[in-house]
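Undergrad: let me see the structure of the following:
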Amino acid sequence: MRTKTEAKAFEQTLDSLRLSKRDDLIDALARTPNLLFRLHKLAQQEAMVRIRLQDLLTPVGGHGIGEIAKEFSTYLGTPGARSRFRKPFAPSTAAAYRRHIERFIEWLEDGERAPMESITSATLSAFHASRINREKISPIGADRSVTALQALFSWASDSSRRAGGAVPNVQPLSHTKSPKLKEEARALTSDELAAIRTHVPAEVWPIFEVTLNLGLRIGECLFLRVHDVLLTERTVRIRPYPDRPLKTIHSERDVPFHESLAPVLKAALANAKGEHLWPKRWREVGSGGKSGVSRAGYHRLSKVWGKAAKAAGVAASIHTLRHTYGSRLADSGVAPRDIASLMGHQSVATTERYWKTKDEMGRKRDAVEKLGLALSAPVVPPSGPSPAPPTAPEPANLAQLHVLNHTEIKSEKRGN
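TA: Okay, the predicted model is just below:
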């Protein structure tokens, strides 16, 4: 399954082979059609008439994708496994990567025997399009499959991570991710929040309230430690932990909170057992499904929210609490860069969607009104001794300056 551009390139290689009348290479391809990948690579480096038959028949590296995929799967399970960004692989991520790579191998025409060097970025794009058009999944969902393959090829080409060294002629593959939706993020109104709260158990609502008032990802909230809550400084620290790595390096941050949240946090600290702020059942990990690992605690909490939202007649997920936090900050006139710092966004572009509201013109008018008040405010004189008054009036223009200079010169002559 090749793209039109890739198919055209291979067709040009075959045309060049016919024109060169290399019967030995044609016979080799007739016996083993898979050699076309190798011939195409050699044709990019050397003229067709100069390619030797032994170079075509001798595989470079001799590794099919199935063999390398098994090595990578074993690597994902080792304690020292690291991604191309030097971050450890979570068990759920490793399981998802294995699943996506298996699906890709099934999609390939040659399956496990397909040589690694024959797979290019164009192949990834074709697989991405196939998942969207044939399997009817979202473009962002197809991105996840391609990300797993990029991780495989990055590891295979990295001699510092692969025990046997880098696979010859294998390079990291590039792929442009699908653009995310740019419309305004869903935010809950006060009435919707009040309606949902009436259907949430009293012992669970503090988790949702802290998530809302700090704009946290639900995972960041569930894995908070007791020592992360600084009541005197009215700050909550978001830090990475072995049982919960953060999403990006920008996710590590200190988030101040309003005094209205202090009683909720005090109660949570009083009820905490152990080092974690919330009960263990919300952080439990279970097994099941193709992934082999599931966030059982999170899914249990998500069901509580889902039932409450459905009973209240509100279409929203737990993550909507975080969107509500960002939207309220934008409505209050907080700058996008400050919102990004509070929410731990890696890029301000992610934050800008909170500013794309229907009342954009109203915010502009408010900003102009505030600017007018600032410009019309009286200027406060600086403190300290007043400057001495000038001894003589300063000239308003060049003509007055000329008259003054002429008068001073005449008075000096009379004095002499």
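Undergrad: going by C-alpha atoms from here, please, whenever you check contacts or count neighbours.
TA: OK.
Undergrad: the most centrally placed residue in the chain: which element?
TA: Against the mean C-alpha coordinate of the chain, by CA atoms, centre = their mean, the closest residue is residue 346 at 6.7 Å. Element membership for residue 346, per DSSP states H and E: none, as it lies in no helix or strand.
Undergrad: so where's the stretch 151-300 of the chain shaky on pLDDT?
TA: Along the stretch 151-300 of the chain, the parts satisfying pLDDT under 70 run over 179-185, 286-294.
Undergrad: ranges for the strands of it?
TA: Applying DSSP state E, counting those that start in this stretch to the stretch 151-300 of the chain gives strands spanning 229-230, 235-238, 253-256.
Undergrad: out of these, which comes closest to residue 209?
TA: Comparing those by their distance to residue 209 (CA to CA), the top pick is strand 235-238, with 13.8 Å.
Undergrad: can I get the closest one in PDB? Just the C-alpha atoms.
TA: Taking Å, rounded to 0.1, in the frame of the first residue of the first chain, the C-alpha atoms of strand 235-238 are listed here in PDB:
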ATOM      1  CA  THR A 235       0.000  27.300  46.800                       C
ATOM      2  CA  VAL A 236      -0.100  23.700  45.400                       C
ATOM      3  CA  ARG A 237       3.000  22.300  43.800                       C
ATOM      4  CA  ILE A 238       2.700  20.000  40.800                       C
END
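Undergrad: mind listing what's buried in that strand?
TA: 235, 236, 237, 238 (16 or more other CA atoms under 10 Å).
Undergrad: and it, what other elements does it pack with?
TA: Here strand 235-238 touches strand 229-230, strand 253-256, going by 3 or more CA pairs under 8 Å, 6 or more residues apart in numbering; DSSP states H and E.
Undergrad: let me know the pLDDT of residue 99.
TA: Looking at residue 99, its pLDDT reads 93.
Undergrad: that one and residue 144, how far apart?
TA: For residue 99, the distance to residue 144 equals 11 Å [CA to CA, to the nearest Å].
Undergrad: can you redo the strands of the stretch 151-300 of the chain as JSON lines with distance to residue 75?
TA: Compiled in JSON lines, these are given as follows (distance: least, CA to CA, whole Å):
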{"stretch": "strand 229-230", "distance to residue 75": "37"}
{"stretch": "strand 235-238", "distance to residue 75": "30"}
{"stretch": "strand 253-256", "distance to residue 75": "31"}
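Undergrad: mind checking those strands for the one nearest to residue 88?
TA: Checked against CA to CA, the stretch from these lying closest is strand 235-238, at 18.4 Å.
Undergrad: what ranges of the stretch 1-150 of the chain fall below the confidence cut-off?
TA: In the stretch 1-150 of the chain, residues with pLDDT under 70: 1-6, 34, 54-62.
Undergrad: for it, what spans make up the helices?
TA: In the stretch 1-150 of the chain, helices defined by DSSP state H, counting those that start in this stretch lie at 4-20, 23-31, 35-45, 53-57, 65-76, 91-107, 121-133, 139-156, listed in chain order.
Undergrad: neighbours around residue 201, how many?
TA: 12 (other CA atoms under 10 Å).
Undergrad: any idea how far it is from residue 301?
TA: From residue 201 to residue 301 the distance is 11 Å (CA to CA).
Undergrad: returning to what we had before: just the buried residues of strand 235-238 now: which is nearest residue 89?
TA: residue 238 (20.0 Å).
Undergrad: hey, C-alpha coordinates of stretch 42-57 in CSV?
TA: Provided in CSV are the C-alpha atoms of stretch 42-57 (Å, rounded to 0.1, in the frame of the first residue of the first chain):
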residue,chain,number,x,y,z
LEU,A,42,20.7,1.4,-4.8
ALA,A,43,19.4,3.3,-7.8
GLN,A,44,19.3,6.5,-5.7
GLN,A,45,23.0,6.1,-5.0
GLU,A,46,24.4,4.7,-8.3
ALA,A,47,23.5,4.5,-12.0
MET,A,48,21.5,1.4,-13.0
VAL,A,49,24.2,0.2,-15.3
ARG,A,50,26.8,0.2,-12.5
ILE,A,51,24.8,-1.7,-9.9
ARG,A,52,26.3,-5.1,-9.2
LEU,A,53,24.1,-8.2,-8.8
GLN,A,54,25.8,-9.2,-5.6
ASP,A,55,25.0,-5.8,-4.1
LEU,A,56,21.3,-6.4,-4.8
LEU,A,57,21.3,-9.9,-3.4
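Undergrad: so what touches that stretch?
TA: By CA atoms under 8 Å, 6 or more residues apart in numbering, the surrounding residues in contact with stretch 42-57 are 13, 16, 17, 20, 22, 24, 25, 35, 38, 39.
Undergrad: burial count for the nearest residue to the fourth one once chain neighbours are set aside?
TA: It stands for residue 20. Leaving aside its chain neighbours, residue 20 sits nearest to residue 49 (6.1 Å; criterion: CA to CA, 6 or more residues apart in numbering). Counted with other CA under 10 Å, residues neighbouring residue 49 total 13.
Undergrad: any weak-confidence spans in the stretch 301-416 of the chain?
TA: In the stretch 301-416 of the chain, residues with pLDDT under 70: 355-363, 377-416.
Undergrad: so how many other residues sit close to the residue nearest to residue 10 when sequence neighbours are not counted?
TA: The shortest distance from residue 10 to any non-neighbouring residue, by CA to CA, 6+ apart, is to residue 40 (6.6 Å). Residues lying near residue 40 (other CA under 10 Å) number 19.
Undergrad: I figured residue 40 was touching residue 8, is that so?
TA: No - Residue 40 is beyond contact range of residue 8, at 11.6 Å (criterion: CA atoms under 8 Å).
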